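Asker: sequence first, then the predicted structure:
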Amino acid sequence: MSTDPTSRINAILKIVESYIPYFRNNFSTVHSNWKSDATRVTESDLYLSDNILQDLSAQFPEDAYCSEEIGDIVIDLTQSEYSWILDPIDGTNNFALGMASCCISVGLLKDGIPIYGVIYDYGLDKIIHGGNHQGSFIGQNKVQVIDAQLDKNTLFAIQAPMSDKQLKMYTPLLQNFSIRSFGSGALNMVYAGIGFLHGCVEFRVRVWDIAAAYPIVLAAGGKVDFFEASVFPLKTFHTKLERCAMVAGTDEFCLHVLQLMDLERKEP
């Protein structure tokens, strides 16, 4: 099997597109429950997780497959050149309640590093994708990070809750810029890569929230800075992975946030 990722990229674009009708038909109508970690899960999360991974593994059986809904197992990613990290519905609360900020998010990793991301954004009704030095796109239209300096019109995404220390640290951002929060870590991050926002700040995302958006942001000319050690290259996947904190978006926005935190940029 060729190590060229092109066939995998083409395959996941077609697979995600094939599940858009299902996503639309079950939006706001599907039954949901609560998991032990107090996050919501719907029948559609489980259906999309099982079927998208089955469709991929039928074509690329040698790859490793990971999902937020994969259960209590540990997957060694070092045994496969390529691996996949799926969040079948990011923004499950929104999906279940009938709010449009939700998506399918799939990241393709090579040697543990995300190289291409595919996100179906229900609100836009478009597939956002990119990475692997190919650029980033909404559908067929190439996009990039916003070309504007930080000023009073700057928009950024941030999510709560946050600690007293974090709230104090980010007070200058909250006082000077406008905030958005979409209820989806993938959308918060990818919107910072495709020019909707200057950036996003996340304190508690997990790897399945960012695996698709990460390469899209970078391919769009953006930056991603983790506040501690980078989670990539990822060597092991399980659903109890620690949450991580990071900033993504324009270079200026990311450096501004790092300065507020008295941090220096770590080399990738």
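Answerer: That came in fine, so what should we check first? Numbering: from 1, shown residues only.

Asker: tell me which residues of stretch 199-211 are tucked away?
Answerer: 199-203, 205-211 (16 or more other Cβ atoms under 10 Å). (Each C-beta comes from the backbone N, C-alpha and C, glycine too.)

Asker: where does the prediction get shaky in the chain?
Answerer: By pLDDT under 70, the weakly predicted segments of the chain are 1-2, 35-38, 268.

Asker: and the helices in it, which stretches?
Answerer: Using DSSP state H, the helices of the chain run over 6-18, 20-26, 43-59, 92-97, 164-169, 171-176, 185-193, 207-210, 213-219, 251-260.

Asker: which residues are in contact with the longest one?
Answerer: The one in question is helix 43-59. 7, 11-12, 15-16, 18-19, 22-23, 26, 30-32, 63, 65, 67-70, 84, 86, 88-89, 92, 95, 104, 106 (Cβ atoms under 8 Å, 6 or more residues apart in numbering).

Asker: neighbours of residue 236, how many?
Answerer: Applying other Cβ atoms under 10 Å, we find 12 residues neighbouring residue 236.

Asker: what's the answer for residue 155, then?
Answerer: 17.

Asker: now do the same contact list for it.
Answerer: Taking Cβ under 8 Å, 6+ apart as the criterion, residue 155 is in contact with 177-180, 196-198.

Asker: one more time with 6 Å, if that's ok
Answerer: Applying Cβ atoms under 6 Å, 6 or more residues apart in numbering, we find residue 155 in contact with 178, 180, 197.

Asker: what residues are bridge-paired with it?
Answerer: residue 178 (DSSP bridges).

Asker: how close does it sit to residue 19?
Answerer: Relative to residue 19, residue 155 is positioned 30 Å away (Cβ to Cβ, to the nearest Å).

Asker: with residue 225 instead?
Answerer: 32 Å.

Asker: comparing those two, which residue is more hemmed in?
Answerer: residue 225 (22 against 18).

Asker: next one: that one from residue 233, what distance?
Answerer: On the measure of Cβ to Cβ, residue 225 and residue 233 end up 17 Å apart.

Asker: can you check residue 41 too?
Answerer: 28 Å.

Asker: neighbours of the closest residue to residue 13 other than its chain neighbours, how many?
Answerer: Nearest residue to residue 13 in three dimensions, chain neighbours excluded: residue 118, at 6.0 Å (Cβ to Cβ, 6 or more residues apart in numbering). Number of residues near residue 118 (other Cβ under 10 Å) recorded here: 25.

Asker: how far away is residue 118 from residue 31?
Answerer: In terms of Cβ to Cβ, residue 118 sits 27 Å off from residue 31.
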